[in-house]
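>>> sequence? don't have it. structure:
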């Protein structure tokens, strides 16, 4: 079993690169990447990296290890004026942006630049002879890619075993009677899948039109909304008194259904919007995600059946470990995706209203279908909290870098939004549990059973009047 978990961790993470000390180091591979990738029309480097650009007067064009040469045939001196479109993406390290180059003696000028945050901008050069008889304009695209650091790699390999352990504990929490009821009378399960793959993509489509998003941003928002439910759904279902068994079942089944539902909804979107359908669905990642959910959950169920006394103590780690992983998730997002602060302002609005629409709409529809509050909470969280990692994977397979990261900014914002709203829900629920739902003579209410306790039976929480 340990070998299976190790294989899952290794397969679900990939070799990434880290920029340390001026060199690009591939942490888990002997391959060596160049610091600056160049061509005749663009320069490609990493966030916050310093690089040089060399201008010389001769008839040859060649690349240097630390920059590139732009050459032109001209006698005498020439004046070169430089301008950058977005200085937050790339800026000059020097104050001067105009240089005089001596062509007769084949002199050159080295201009130092410093990359900023993720983005794409242009370096505009206006080359003019001293008598202004000859003038030439050169435009070079500067492409700043996201830098994956050693911190990212270490965080993934440290947190992955804890996530698997938490899933195993959730498996020990599953109530087999509730599981049997869910699959023999699958109204709640079918409703959850419908809301995930119909209602949420519909909301994303409408909001893309209302907020007049650019086509890449609108498509990214739609792809994120068309993803299956994520692991955060059943974690917060447990924390706010939702039905854990239904949430886990929906998470596993929705990932399986997504193999057909995601391409179908995306095709329908591109057909309506009349845009090219170049989306690539990461089926291998979907299978890995199924394994990441199914193997530890089934292990936990086996532990509960084989050693019930141990399972009763094992499930007690769920709450503290889940809260620890949530805090780590926020910290990881803040460090690795800090470039989202430069994203569109409308993204922060959508980060709130899209998951909020999913939460409220799902609860309303669930209650209209006569589902209990625990079932409605589980469906709401599984619908509103998407597996946005899968959505980001879709975008990364579809677009080159840094276009993929720029398009997925909106998806990351929504991830931060639905996680923050779920955390707020949990805090409000905790306050209510502590101060409002207790025996009070003045109000005449008594709490009989709390669903989110560590009891073996996930019963429905309810209140009775004592008088």
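Thanks, I have it. Since we're looking at a predicted model, the values are computed, not measured.
>>> following the helix or strand that contains residue 232, which helix or strand shows up next?
Applying DSSP states H and E as the criterion places residue 232 in helix 231-239. Scanning forward in sequence from helix 231-239 by DSSP H and E, the next helix or strand is helix 244-273.
>>> How far off centre is that next one?
17 Å (C-alpha atoms, centre = their mean, to the nearest Å).
>>> quick check: mean pLDDT across it?
Mean pLDDT, helix 244-273: 90.
>>> tell me which residues of it are tucked away?
244-256, 258, 261-263, 265-266, 269-270 (16 or more other C-beta atoms under 10 Å). C-beta here means a position set from N, CA and C on the backbone, and glycine is covered the same way.
>>> what's the answer for stretch 47-56, then?
47, 49, 51, 53-56.
>>> show me where pLDDT drops low in the stretch 151-300 of the chain?
Within the stretch 151-300 of the chain, the ranges that satisfy pLDDT under 70 run 277.
>>> residue ranges for the helices of it, please.
176-184, 187-194, 200-210, 215-225, 231-239, 244-273, 283-306 (DSSP state H, counting those that start in this stretch).
>>> now the ones you listed in JSON lines, with distance to residue 322?
Formatted as JSON lines, these follow (distance: least, C-beta to C-beta, whole Å):
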{"stretch": "helix 176-184", "distance to residue 322": "20"}
{"stretch": "helix 187-194", "distance to residue 322": "21"}
{"stretch": "helix 200-210", "distance to residue 322": "24"}
{"stretch": "helix 215-225", "distance to residue 322": "23"}
{"stretch": "helix 231-239", "distance to residue 322": "5"}
{"stretch": "helix 244-273", "distance to residue 322": "11"}
{"stretch": "helix 283-306", "distance to residue 322": "14"}
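>>> So for residue 164, which of those helices sits nearest?
helix 283-306 (4.9 Å; C-beta to C-beta).
>>> So which elements touch the host helix or strand of residue 141?
Using DSSP H and E, residue 141 sits in strand 135-145. Where contact means 3 or more C-beta pairs under 8 Å, 6 or more residues apart in numbering; DSSP states H and E, strand 135-145 is packed against strand 42-46, strand 119-129.
>>> Quick check: which of those is buried the most?
Comparing those by mean neighbour count (mean count of other C-beta atoms under 10 Å), strand 42-46 ranks first with a mean of 20.
>>> Can you give me the domain assignment for the chain?
According to automatic domain parsing, the chain comprises the domains 41-145, 150-449.
>>> the strands in the stretch 351-467 of the chain, which residues?
Assigned by DSSP state E, counting those that start in this stretch, the stretch 351-467 of the chain shows strands spanning 445-449, 462-465.
>>> which stretch in those has the least confidence?
Looking at the strands of the stretch 351-467 of the chain, the bottom one is strand 462-465 with a mean of 33.
>>> How about the contacts made by residue 237?
Contact criterion C-beta atoms under 8 Å, 6 or more residues apart in numbering gives 243-244, 246-247, 377-378, 381-382 as the residues in contact with residue 237.
>>> ugh, typo on my part, it should be residue 144
44-47, 89-90, 115-121, 402.
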